[in-house]
Structure formats: structure tokens, C-alpha cells
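[1] generate a structure from the sequence data that follows.
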Amino acid sequence: MKRTLSFFIITIFINLFFVSGQVLAATRSLSLGMSGSDVTGLQNKLITFGYLASGKNTGYFGPLTDVALKKFQCDKNIICTNATVTGYGIYGPKTQAALATLTSSVSLPSPSTTFTTSVSAPWKGKLEFSGWIPYWRKDKGVEDTLSHLSQLTSVMPFGFTMKSDGTLVDTAKINEEPWKSFIATAKKNKVRIVPTVMWGDGDTIHAVLSDATKRVALEDEIAKLVKDNGFDGIDIDFEAKKHETKDYFSTFLKGLYQRMGNKWVYCTVEARMPLSHRYLSGQTIPADATDYANDYAMMNKYCDRVEIMAYDQGYVDRLLNSARSAPYAPVADPAWVENLVELAAQSIDRKKIVIGVPTYGYEYSVTPTSSGSYLYKMLWAFNYKYATDIATKLGITPTRTSANEIGFSYDPAVLAAVAPQGDDATGTQQALAAAAIVGNTGATVDTSKPFNFLSWSDAKAIKDKVDLAKKLGVRGVAVFKFDGGEDIGMWEVLK
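    All right, here's what the predicted structure looks like:
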């Protein structure tokens, strides 16, 4: 019946990256009985592409790895025989090249975590397309969206913010132009207007929602805002909440839902990863690893759409980090997104789930360390024209990364990095994590000296997410953001 949907600088360590374009082959062939970190890298690849069970990345090339590798060789017509033939069951140059090609092509591999439960069957109806218009680029965002209203189900003006006392601030100035005319046109085209309320201060969120008087007052204020302005609903985007806020937030959603009547409640939520992707095999999982700030079961009850912010991945997925070739600091790897959705679908009805899709990218400075890892410093987020202008200036042709986004690297000694300005600069919806040491399975470029790396979500990467939404049977996708700064080919994909 109704509703749901679903900024900053980071220093990163990651193993192996990207600057010249030369592929670095593995240093030795691998076979039954061998062990080492390179065996672990092979096993991680086999796990990622469904040839080896999750958790079998032991670093020892045993019978299970042998069977998995032989199946891969057969599937790819490299060699396939029961006879004793040189190369069968050996991870040599030909098999390494074939698996590296598979890794870089990233044709939406199956999730490496097995999910056995779901609260609902796949949604078989028409896919919904929605998106946010950020207040800081409202003029271009409105202009960008107006000519594509027929393709959209909802638009979320981004939006309203919160004071520390728990009251609303109309940061977007929603009753002024260009919003006023845009909203009227959207209504004529039967497109829902569901403004976003943004809040990212965990301490303040807890203080307000744990105070019954303030919580009820906020529920009343939001419901009144929606009804007085004739909005179709509200999008709740409360981020950085604490675990101890979980039940209070659920109570808030329940109270708001009851007050909204036939209006829609969209809920925008940070991505939740499977434990097998947050921690590598053999690592100790902290006792509080599942102390989540969002109760998915309660969101399923009190949100009409649950939009998962499936972007700003960076280096958080340790399993994929170890299975992908560097450079690897994606905005959103399709395999990562698939795992997020499958995990959410254990508690949330698929007909309510919406996959958040980015239109922007990140630039990193990458410095090799003496230990063989790399220091990543996230410089800034950007709209795609910033990257294509640099590529044109340097005569570089961007290529698909191992996450199937588009990207390239360059030597900062040749062209010093300059922060994107104006239309090339962009904001993001959530903050990236701080730093980490990450291992990759190899590199697709020369990593012998510092370099800069850019990766962004173009129309092809967006299409991957649309195809994934159809495959997983969820309700739709929501784009962050409609602001005139995206790859215009996106609109051909959102159909």
C-alpha cells in the first residue's frame, strides 16, 4: 500500500593497486599439497565465483581446492580430463590468466555467502525507479529530473535536517522555487514526492529518541509536515545510530507509521554485511559484531520501502578485497551489493527492498609501503566529468575495474591532483570508514611507485545494479543522485 527508501575523507591501506596497465602474474604455479598466502588468494577467488565453499580459504591446497580448480578448468575449457595430463589441477600461467579475466569481467557472480532463508518470495512486478535530488544542487537536479518523470515512481527531495533539540529544519526551502513548480508537475505525472529527513549525529539521535516526550513530538511534527504540504510521504534517513538506540528507533518508526495514515514511510538504511565478508577466515569475531543499530524485522513492519544504501563500499568487504585484483576500492561492487540484499531479505520482504545506486566516484592517492601493502588516502568524491576531463588531458582510456566500475590511474608527478570544483564536485549520502589494511589477490597495473586512482559509477555500472535488482526480485532501485552530474546514459538504463 505505501512506502520506504531508501559525507568525507578516509585514509586506507590496501594490498596491490593500479597505475601502468601491465598485469602482474603470480610468482609460482600452485598444486595439491602446497601452502601459502598465494594459495589463500586462489581459494578466495574460487570462493567468490562459486567453485569453493565459503570458509575454505585455509592457505593449504588440499583435495577440496583441487576439485574446485579442476571444475573451473573444465568450465573454461582450459583442460578437462581424468587422465594424468600436465596442467590439470595445476594453477599455472594459463589458468591464472583465465581466472584473472573472470575476476576483471565481474559478470555479477553469485554471493559467496549462502543464505537459506527469506521472509518472502521474489517480487515479480514492474521494477520501481526512484532517486534523490540534493538540496545543494536543486536547480540542476530539478532540471535533470523533469524530462524523465515518466520513468520514475518516486522522487525524494534531499531535504530536511534536524536541530539538536529534535525539531525539523527545512534546509531545502521546499516551498520555494524550483521545488514548488517541480512538485506540482510531479503530482500531475503521478510521481510520489517523499522528502528525506537527514540526521547523522548518533549521540543526539539517541538523546531525542530515548526521551518519550521528544520522540512523540518529532513523530507529530513529521506527520503534520507531510499532511500540511500534501507530500506523499516521508523518507527517514537517520544514520550513525548507536546499538542502544535500536529499540527507541523502532518505537519511533512505529509511532510515525501509525500517524501517517495512507501516507508512505520510506526508510533509508546503511548497508549491513554478512560476517563472512567483515572478517576473514581464522579471525576472531567480536562478541558485539551483531549489535546492530537497525532492527530489520521492525523496519519490515513499519516501513513501506526499505532502501539499502548499497554504495561507498571502499575497502570494507575483506573477503572481496582478498579475491579481487588491485586497484580495488569500489563505490559498489555488484557481488558486494548482492550479499547485502540477500542478508536483508532474511528479515525484510523483497517487495519492500530498494537497492540504492550511486552516480559518483572517488579519487585516492596510493602509496606503496615497505611491507607490500599500500597506503590509500581518499581525496574526494566527484561527478563523472571530473574524471573524464583528467583522462582526456592525459590521453588515458578508462577501463573496467575488477568491480566492473569504470576507472584509471595516473602518475601525480605528471599531473598534480586538483580538487573538483563546481559541477565536478559532489556530496555523498553517508560517510566512508576511516582506514584499513587490505590484501588483494594481484594487480592489474604497476604498483612500484605512488599513483592516483579514480573509480566511478557510470551507466554500465548502474545497469549492473538494475539487472541485479531484477535477478534478486526486489522492488526497485533508487539513485543517489539526480543532479545533472551523472553519466547521462543512466536514463537509458532506468527503463
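[2] tell me how many other residues surround residue 450.
    Neighbours of residue 450 under the rule other C-beta atoms under 10 Å: 16. For every residue, glycine as well, the C-beta is placed using N, CA and C.
[3] pretty sure it contacts residue 369?
    No. Residue 450 is beyond contact range of residue 369, at 10.7 Å (criterion: C-beta atoms under 8 Å).
[4] tell me where the stretch 251-400 of the chain has helices.
    Taking DSSP state H, counting those that start in this stretch as the test, the helices found in the stretch 251-400 of the chain are 275-278, 296-302, 318-323, 334-344, 384-394.
[5] starting at the chain centroid, how far to the fourth one?
    Spelled out, that is helix 334-344. Averaging C-alpha positions (C-alpha atoms, centre = their mean, to the nearest Å) puts helix 334-344 9 Å from its chain's average.
[6] and the last one, by the same measure?
    Helix 384-394 sits 23 Å away from the centroid of its parent chain (C-alpha atoms, centre = their mean).
[7] buried residues in the longest helix along the chain?
    For the chain, the helix with the greatest residue count under DSSP state H is helix 212-229. Neighbour-count burial for helix 212-229, counted by 16 or more other C-beta atoms under 10 Å, picks out 215, 218-219, 222-223, 225-226.
[8] residues near residue 467, how many?
    What residue 467 shows, counting by other C-beta under 10 Å, is a neighbour count of 14.
[9] returning to what we had before: and for the longest helix of the chain, what's in contact with it?
    Residues lying outside helix 212-229 but in contact with it, judged by C-beta atoms under 8 Å, 6 or more residues apart in numbering, are 160, 165-168, 174-175, 197, 207-209, 231, 233-234, 248, 251-252, 255-256, 259-260, 263.
[10] what about stretch 340-347, average pLDDT?
    Taken as a whole, stretch 340-347 has a mean pLDDT of 96.
[11] one step back: quick one: strands adjacent to the next helix or strand after the longest helix of the chain?
    Reading on from helix 212-229 to the C-terminus, the next helix or strand found by DSSP states H and E is strand 233-238. Using DSSP bridges, the neighbouring strands of strand 233-238 in the sheet come out as strand 196-199 (parallel), strand 264-270 (parallel).
[12] what does the last one rub up against?
    Applying C-beta under 8 Å, 6+ apart, the external contacts of strand 264-270 come out as 2-6, 154, 156, 192, 194, 196, 232-237, 239, 253, 256-257, 294, 299, 302-309, 356, 429-430.
[13] go on, stretch 180-190?
    If you take C-beta under 8 Å, 6+ apart as the criterion, stretch 180-190 is touched by 142, 145-146, 149-150, 155, 174, 192-193, 230.
[14] what is the nearest of those residues to residue 59?
    residue 155 (49.9 Å; C-beta to C-beta).
[15] you'd agree the closest one is in a strand?
    Yes. Residue state for residue 155 (DSSP: H, G, I helix; E, B strand; the rest coil) corresponds to a strand.
[16] show me the beta-bridge partners of it.
    With beta bridges defined as DSSP bridges, residue 155 has these partners: residue 131, residue 193.
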